[in-house]
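**Q** my questions are about this predicted structure, shown below with the sequence.
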Amino acid sequence: MKIKIKAHANYSREKIEKISDGEYEIWIKEKPIEGNGNRHIEKFLKGYFNKKCVIVSGFTSKIKFVELLNP
């Protein structure tokens, strides 16, 4: 299953908000430097969905597409 994420990095607290089916907005504390933000987003989504998450596109963009894999 693929979902669309709008990411906000370097935020004071972390949260996720469902916009619609398959579309989410996420706020993380990590800065988007050298892929640290993307790795943190994958870990954060793994905890939220209880599935392995892999960013498949949007590595340098705020809009990302994430594949949710079976555990």
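**A** Cool, the structure landed. Numbering: from 1, shown residues only.
**Q** C53 is in contact with G47, isn't it?
**A** No: C53 lies out of contact with G47 (C-beta atoms under 8 Å); the separation is 9.5 Å. Where you see a C-beta, it was placed from the backbone N, CA and C, and this is true even at glycine.
**Q** between these two, point out the one with more neighbours.
**A** Taking other C-beta atoms under 10 Å, C53 and G47 do not tie; C53 has more neighbours (20 against 10).
**Q** how much space separates I16 from E34?
**A** Noted for I16: a distance of 23 Å to E34, by C-beta to C-beta, to the nearest Å.
**Q** check G22 too.
**A** In this view, G22 and E34 are 29 Å apart by C-beta to C-beta.
**Q** give me the more crowded residue out of the two.
**A** Between G22 and E34, counting by other C-beta under 10 Å, G22 is the more crowded of the two (13 against 8).
**Q** pLDDT score for that one?
**A** The per-residue pLDDT reported for G22 equals 93.
**Q** just P71 next, same as before
**A** Looking at P71, its pLDDT is 68.
**Q** look at K46 and tell me its secondary structure.
**A** Of the three states, K46 takes helix according to DSSP: H, G, I helix; E, B strand; the rest coil.
**Q** that one touches C53, doesn't it?
**A** Yes: in this structure K46 lies within contact range of C53 using C-beta under 8 Å: 5.2 Å.
**Q** all strands of the protein, in order?
**A** Using DSSP state E, the strands found in the chain span residues 2-8, 15-20, 23-27, 52-57, 63-69.
**Q** could these go into a markdown table alongside distance to N38?
**A** As requested, the strands of the chain are exported to a markdown table (distance: least, C-beta to C-beta, whole Å):
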| stretch | distance to N38 |
| --- | --- |
| strand 2-8 | 8 |
| strand 15-20 | 15 |
| strand 23-27 | 11 |
| strand 52-57 | 5 |
| strand 63-69 | 8 |
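**Q** right, I'll leave it there.
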